[in-house]
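Asker: okay, predicted coordinates and the sequence, questions at the end:
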Amino acid sequence: MKRSYRIASLIAGLIVTALFVLYAVRALHGRDLTVYATPRAFCGIILAALCWVITLPLIALAWRSMLSGLEVYKSWRELIAILGITQFAKYVPGNIAQYLGRAGMSLSRGIPVRAFAVTVMLEMLLVVAAAMMMGLGSGVWSTVGWALVRDKSEQLVFIAALLTAAAAALLMFRRIAPALLRRVAPRHAHVLEGGLLPPPAAILAAFVLYLLVYACLGLGLIILARLLLPNVSHDNWLLVASFSLAWIVGFVTPGAPAGLGVREGLLLLMLTPAYSSATASILVIALRLATTLGDVVNFVGGLLILPRSRLVSESQSSS
């Protein structure tokens, strides 16, 4: 059953990717693309990739905050290395290889199973919540987004209520879970010794850092758009909102390597009201180039940092 689900997810991801490629080819047919092959456009891709690279230390800092809340202390450099090396596996279809690799590296470097599982689950929830907050919050400030808010106000209120309820449930669960487990299954109560979740302050700090991640990513897209398409009028808030919301869909869609095709398709859909089909396609393709370049830099950087972090860890344990 699971194998069939993975195969179906992969096929769906490939279909969406093929549709995006077909759409982009049609939109760019007959256009002179050499006008975009300029030093200015190249600089835009490099700067957007740099903004993508900057997010890795922020994600590692958020992870470190939650681990510290569970009394697991790891160096920031070591966590950056683990993330940089393992996140490159997201290009393997299925969106799970990066987490398997991250689990293997984390456990081998002394991060307990429970701490890893709890912090990664929290990370998934928080990054989606941060993306939604950044997407909806910045979207309100754009002309297109404000029109959508007025038309879909009831749906947005419902989404906000769900997010609030989820946050409240998380806080309540943290308080009542230990007592509930001791009452229902006292034999397994030791599992929650030391606290089930990190303190609220650690979770809040991680959430703020994830918001900064999307701010950096949005800034990278704005820089890319302005340098790649200098003669086009840009809606900065729409760019930030579009990327944040498209990232959510790419993240939760199984089968698509690194959200390939799915994220681009949704980006095209949201950018179309403000950009022509060809302009939006060029921007989306350039963004994929920038993010892929950023992932390569993070992977190489992680490989270079990891041996040093191992020496640091060994020297600390020996002292």
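Answerer: That came in fine, so what should we check first? Numbers count the residues shown, from 1 in each chain.
Asker: list the contacts for the residue nearest to Pro112 when sequence neighbours are not counted?
Answerer: Spatial nearest neighbour of Pro112, chain neighbours left out: Val72 (6.3 Å); criterion: C-beta to C-beta, 6 or more residues apart in numbering. Yep, even glycine has a C-beta here, placed from its N, CA and C like the rest. Counting by C-beta atoms under 8 Å, 6 or more residues apart in numbering, Val72 makes contact with 111-112, 115.
Asker: ok, 10 Å please
Answerer: 64, 66, 106, 110-112, 114-116, 118-119, 194, 198 (C-beta atoms under 10 Å, 6 or more residues apart in numbering).
Asker: any idea which of those is closest to Phe207?
Answerer: Met66 (10.1 Å; C-beta to C-beta).
Asker: burial measure for that closest one, as a count.
Answerer: 23 (other C-beta atoms under 10 Å).
Asker: would you map the helices across the chain?
Answerer: 2-28, 39-69, 76-86, 97-108, 113-139, 143-151, 153-184, 200-228, 236-252, 262-271, 277-318 (DSSP state H).
Asker: can you flag the weakest of those helices by average pLDDT?
Answerer: With a mean of 48, helix 2-28 has the lowest mean pLDDT of the helices of the chain.
Asker: rewinding a little: Throw together a ChimeraX command that grabs the buried residues out of the contacts of Val72.
Answerer: Selection of buried members from these for ChimeraX, criterion 16 or more other C-beta atoms under 10 Å:
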select :64,66,106,111,115,116,118,119,198
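Asker: in CSV, list the contacts of Val72 along with distance to Thr291.
Answerer: Supplementary listing: the contacts of Val72 in CSV, determined by distance: C-beta to C-beta, whole Å:
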residue, distance to Thr291
Arg64, 23
Met66, 25
Ser106, 24
Gly110, 31
Ile111, 27
Pro112, 32
Arg114, 32
Ala115, 29
Phe116, 26
Val118, 28
Thr119, 24
Gly194, 38
Pro198, 29
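Asker: which one of the contacts of Val72 is nearest Ala225?
Answerer: Among these, and counting by C-beta to C-beta, the member closest to Ala225 is Arg64, at 32.5 Å.
Asker: list the contacts for that closest one?
Answerer: 57, 72-76, 78-80, 119, 202, 205-206, 209.
Asker: are any of those residues buried, and if so which?
Answerer: 57, 72, 74-75, 78-80, 119, 202, 205-206, 209.
Asker: coming back round to it: tell me the confidence at the residue nearest to Pro112?
Answerer: 90.
Asker: how far away is it from Met66?
Answerer: Distance, Val72 to Met66, by C-beta to C-beta, to the nearest Å: 9 Å.
Asker: and if you look at Leu100?
Answerer: For Leu100 relative to Met66 (C-beta to C-beta), the value is 20 Å.
Asker: one step back: shared neighbours of Val72 and Met66, anything?
Answerer: What both Val72 and Met66 touch, as defined by C-beta under 10 Å, 6+ apart, is the set 115, 118-119, 198.
Asker: just send those back as TSV, with distance to Ile305 too.
Answerer: Output for the shared contacts of Val72 and Met66, formatted as TSV (distance: C-beta to C-beta, whole Å):
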residue	distance to Ile305
Ala115	21
Val118	25
Thr119	20
Pro198	25
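Asker: and which of the residues you listed is nearest Leu293?
Answerer: Nearest member of the shared contacts of Val72 and Met66 to Leu293, counting by C-beta to C-beta, is Thr119, at 28.1 Å.
Asker: now do the phi/psi pair for Tyr73.
Answerer: As for Tyr73, its main-chain torsions (degrees, to the nearest 10) stand at phi -110, psi 120.
Asker: now it. Nearest residue, chain neighbours left out?
Answerer: Leu67 (7.2 Å).
Asker: how near is the one you found to Gly301?
Answerer: Counting by C-beta to C-beta, the gap from Leu67 to Gly301 is 21 Å.
Asker: more neighbours, these two?
Answerer: Shown here are Leu67 and Gly301; by other C-beta under 10 Å, Leu67 has more neighbours (23 against 17).
Asker: the more buried one against Ile82, yeah?
Answerer: No. The criterion here is C-beta atoms under 10 Å, and Leu67 misses it with Ile82 at 11.3 Å.
Asker: between the two, which contacts overlap?
Answerer: 74, 106, 111.
Asker: look up how far Gln98 lies from the last one.
Answerer: It stands for Ile111. Taken as C-beta to C-beta, the span from Ile111 to Gln98 is 16 Å.
Asker: before we move on, what about the second one?
Answerer: Distance, Ser106 to Gln98, using C-beta to C-beta: 12 Å.
Asker: so what sits against both of those two?
Answerer: 83, 86.
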